[in-house]
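Enquirer: Next come a sequence and a model predicted from it.
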Amino acid sequence: MQDIVRSVAKVKTWIRLLSQLTDEELAMYGMIAKDQHNVEFEHLGAQILVGLFAFLFLAVGMYEMFQNGITGLAALYALIAVIPSFWLLKKFRTRRFWNKHCSAVAQEQIRRTTIADGKTD
């Protein structure tokens with residue numbers, strides 16, 4: 001429970017920091033966040049291929065385990081499947097991280113425009 005409270009506090013602090021940026025700094029940070037998000041989509045074909053490779057080795061390892069029990073070969077197949085899965089998980093988490101930053105920047109820009117529109121009325 002304390003981890004959730006700390007996480008929420010960190011998010012609120014970070015959003016408060018975003019509100020302290022000037023419009024130019026916020027736009028620049030939004031461009032950086034979007035660029036980092038796009039970097040994680042580079043080599044998408046390789047990511048898909050590695051995912052299929054990991055799934056194939058996991059399936060072969062499971063087949064080996066069901067046929068012959070837990071053997072060294074089944075463990076080897078599982079290990080070969082797990083190693084590239086960590087890379088895919090890291091890519092996924094980093095994409096999600098930068099996507100949250102892009103969303104927060106967009107929300108802050110919307111908040112600023114609604115405040116500016118409210119002041120002109």
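Expert: Noted; the coordinates are in hand.

Enquirer: residues near Ile83, how many?
Expert: Counted with other Cβ atoms under 10 Å, residues neighbouring Ile83 total 12. Heads up, the C-betas are built off the backbone N, CA and C, glycines and all.

Enquirer: Okay, and it sits in which element?
Expert: Ile83 belongs to helix 72-120 when assigned by DSSP states H and E.

Enquirer: centre of the chain versus that helix, how much separation?
Expert: Relative to its chain's centre, helix 72-120 lies at 2 Å (Cα atoms, centre = their mean, to the nearest Å).

Enquirer: Identify the residues contacting Ala54.
Expert: Residues near Ala54 by Cβ atoms under 8 Å, 6 or more residues apart in numbering: Ile80, Ala81, Val82, Pro84, Ser85, Leu88.

Enquirer: Recalculate using a threshold of 6 Å.
Expert: Counting by Cβ atoms under 6 Å, 6 or more residues apart in numbering, Ala54 touches Ala81, Pro84, Ser85.

Enquirer: again, but for Thr71
Expert: Listed by Cβ under 6 Å, 6+ apart, Thr71 has no contact partners.

Enquirer: Check Leu18 too.
Expert: Counting by Cβ under 6 Å, 6+ apart, Leu18 touches Glu108.

Enquirer: what's the burial count for Ala74?
Expert: As a burial measure, Ala74 scores 19 neighbours (other Cβ under 10 Å).

Enquirer: That one touches Met65, doesn't it?
Expert: Yes. With contact defined as Cβ atoms under 6 Å, Ala74 reaches Met65; the gap is 4.2 Å.

Enquirer: After the helix or strand bottoming out on mean pLDDT in the chain, which helix or strand is next? Please name it.
Expert: The weakest-scoring helix or strand in the chain, judged by mean pLDDT, DSSP states H and E, is helix 2-20 (a mean of 70). Sequence-wise, the next helix or strand downstream of helix 2-20 (DSSP H and E) is helix 23-39.
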